[in-house]
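Turn this into a structure:
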Amino acid sequence: MPDHAQRLAGRVALITGGSRGIGRAVAERFVREGAEVGIGHRQDAESADEALASLKAIRPNSPIAIDGDITSETVADAMILAMVARFGRLDILVNNAGFQTETPGADFDADRFRAVIDVDLMGAAWLSRAAIRHFLSRPGGGTIINTTSVHQIIPKPGYAAYAAAKAGLGHLTRTLALEFADRGIRVNAVGPGAVLTDMNDAWKDDPAARAAVEAHIPMGFAAAPDDIAPVFAFLASDEARYITGQTLYACGGLTLYGEFRQNWSS
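Predicted structure coming up:
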């Protein structure tokens, strides 16, 4: 990306789950495009320090890290207030924090199911509420971008909580977008497919397992976080000023149902 591309100059962004994976790549991209950035994390000080060092190496614009449990309403409110206290305003919220764990439909653990919903859906809801209140408190509106997944629309057997959370987050995106479209607030989502992050440690470093995953991807390869970050930067920028309520799937074609590449149904 050319150094002169400063689409986000003067903007302030909070990126949850920003210490690693897609969130860190988004933070780095935003800084390259001129934004002031805060990265949210939960008890991940070592990765947060590494991420801050990486951001400052790109541009020493005083990025900050905020340790907070987004499943708490009061903590979510405090994270938004911390950004406003540090930078004077917040313009962009990226709800990226999330995790998955097995929750088989006939035998899931209730606490495990609830934990996924609390982080992947409720945390985004609490932060969105706080961000929207701030956006409405001053001129200029604001932008929210949620990290969903291809599993917003593709079922994931054995991971019912994750699929339910991402589907819910997709519809939260659309609902908030419609509710606040006439007040300068845009709400969109990015739906990644298979990405080489810690969440996919089970297969990303195992050549045979990775090949099995990539065989299902029409484009034939799993994404790096840097393949996903530009999608967030576009949706955060004025180039997307007429886009709201949409999920942009960055998935290598997974949502095209690749098993239908050869016609077998008619």
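
rest of the way, CA atoms for contacts and neighbours
Noted.

Can you list the helices and strands that the helix or strand hosting residue 234 packs against?
Secondary structure assigned from DSSP states H and E places residue 234 in helix 225-236. Contact here means 3 or more CA pairs under 8 Å, 6 or more residues apart in numbering; DSSP states H and E; on that basis helix 225-236 packs against helix 21-32, strand 142-147, strand 185-192, strand 247-250.

go with 7 Å
Based on contacts counted as 3 or more CA pairs under 7 Å, 6 or more residues apart in numbering; DSSP states H and E, the elements that helix 225-236 packs against are helix 21-32.

For the helix it packs on, which helices and strands make contact with it?
Counting contacts by 3+ CA pairs under 7 Å, 6+ apart, helix 21-32 is packed against strand 12-16, helix 45-58, helix 225-236.

The longest one: which residues count as buried?
By neighbour count with 16 or more other CA atoms under 10 Å, helix 45-58 contains the buried residues 48, 51-52, 55.

Who does residue 189 form a beta bridge with?
Applying DSSP bridges to residue 189 gives these bridge partners: residue 146, residue 247.

Pretty sure residue 247 is one of the things it touches, is it not?
Yes. Applying CA atoms under 7 Å as the test, residue 189 and residue 247 come out as touching, 4.4 Å apart.

neighbour-wise, which of these two wins?
residue 189 (29 against 24; other CA atoms under 10 Å).

what residues are up against the more buried one?
145-148, 173, 246-248 (CA atoms under 7 Å, 6 or more residues apart in numbering).

Give me the pLDDT for it.
Confidence per residue is given as pLDDT, and for residue 189 that number is 98.

Poorly predicted segments of the protein, please.
Within the chain, the ranges that satisfy pLDDT under 70 run 1-4.

switch to 80 and redo it
Scanning the chain for pLDDT under 80 picks out 1-4, 61, 265-266.

In it, which helix is the longest?
If each helix of the chain is counted by residues according to DSSP state H, the longest one is helix 160-180.

Now do residue 117 against residue 168, distance only.
In this view, residue 117 and residue 168 are 9 Å apart by CA to CA, to the nearest Å.

of these two, who's got more company?
For residue 117 versus residue 168, the count of surrounding residues by other CA under 10 Å is larger for residue 117: 24 against 18.

Just want to check the distance between the nearest residue to the more buried one once chain neighbours are set aside and residue 8.
Ranked by CA to CA, 6 or more residues apart in numbering and with sequence neighbours excluded, the top spatial neighbour of residue 117 is residue 165, at 5.4 Å. Counting by CA to CA, the gap between residue 165 and residue 8 amounts to 29 Å.

just residue 192 next, same as before
Computed as CA to CA, the residue 192 to residue 8 distance reads 22 Å.

before we move on, what about residue 80?
Distance of residue 80 to residue 8, given as CA to CA: 19 Å.
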